[in-house]
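Novice: no sequence for this one, just the structure:
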């Protein structure tokens, strides 16, 4: 009796979008997620906003002038781009495609507008929306950063309420009440998505 050939699951990497209102802690969660699984890499984001004192050009963000960003945007350089809080953000297409070709799951830490744009470009992308434990906790985190004025905090809180209305357009919602626990939940989502039959199950031929 000839042995039967088993179905095979081919792991095909895909973009993983993580979005959240400003101050929710998505960057810290993404950092922890990348540390949990070396098969995941960050897609570098370009921005026109000034660098914070702890941020490095080419390591945390690709910092561009308004003119340079606009030129690249017109050339179709970005997989997504959007203006948020008066500054432009965008993920270069080559950052995504290079990572996927290397067999890596590419994590995009982007705003809500950018996340939905990525879904249009990459149909297989997984979109995860992070929520703060409460609006009070969100305001406390914004004030704790010490990088925004009172007017800016008020504006960010207003924008956060509006951005949360977009959460149902994402496939998953996770509350960030603890960075490590939140990152583990994101990792579980990626693993589950990787095992979807629609992503790479190859059935034996008759």
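Specialist: Sure, I can see it. The structure presented is a predicted model; accordingly, all values stated were derived computationally and were not measured.
Novice: Every contact and neighbour count from this point should use C-alpha atoms.
Specialist: Fine.
Novice: Give me the distance between residue 161 and residue 22.
Specialist: Shown here: residue 161 relative to residue 22, a distance of 11 Å by Cα to Cα, to the nearest Å.
Novice: Tell me where this protein has helices.
Specialist: Assigned by DSSP state H, the helices in the chain fall at 26-36, 66-74, 93-101, 112-121, 135-145, 150-163, 179-194, 197-200.
Novice: Tell me the buried residues in the second one?
Specialist: By that I understand helix 66-74. 69, 73 (16 or more other Cα atoms under 10 Å).
Novice: which residue packs closest to residue 58, ignoring adjacent ones?
Specialist: Take residue 58 and drop its neighbours on the chain: the residue closest to it by Cα to Cα, 6 or more residues apart in numbering is residue 44, 7.7 Å away.
Novice: same deal with residue 103?
Specialist: Nearest non-adjacent residue to residue 103 (Cα to Cα, 6+ apart): residue 13, at 5.9 Å.
Novice: quick one, what contacts that neighbour?
Specialist: 100, 103-106, 194 (Cα atoms under 8 Å, 6 or more residues apart in numbering).
Novice: 7 Å instead, please
Specialist: 100, 103-105 (Cα atoms under 7 Å, 6 or more residues apart in numbering).
Novice: Rebuild the residues you listed as a markdown table, extending it with distance to residue 58.
Specialist: Listed next are these as a markdown table, based on distance: Cα to Cα, whole Å:
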| residue | distance to residue 58 |
| --- | --- |
| 100 | 20 |
| 103 | 22 |
| 104 | 19 |
| 105 | 20 |
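Novice: Now which of those would you call buried?
Specialist: 100, 104-105.
Novice: hmm, back to that, dihedrals phi and psi, the residue nearest to residue 58?
Specialist: For residue 44, the backbone dihedrals (degrees, to the nearest 10) come out as phi -60, psi 130.
Novice: how much space between it and residue 107?
Specialist: 9 Å.
Novice: Give the intersection of the neighbour lists for the two.
Specialist: If you check residue 44 and residue 107 against Cα under 7 Å, 6+ apart, no residue is contacted by both.
Novice: helices and strands of the protein: which one bottoms out on pLDDT?
Specialist: Ranked by mean pLDDT, DSSP states H and E, the weakest helix or strand in the chain is strand 201-202, scoring a mean of 73.
Novice: That one - contacts with which helices or strands?
Specialist: strand 8-9 (3 or more Cα pairs under 7 Å, 6 or more residues apart in numbering; DSSP states H and E).
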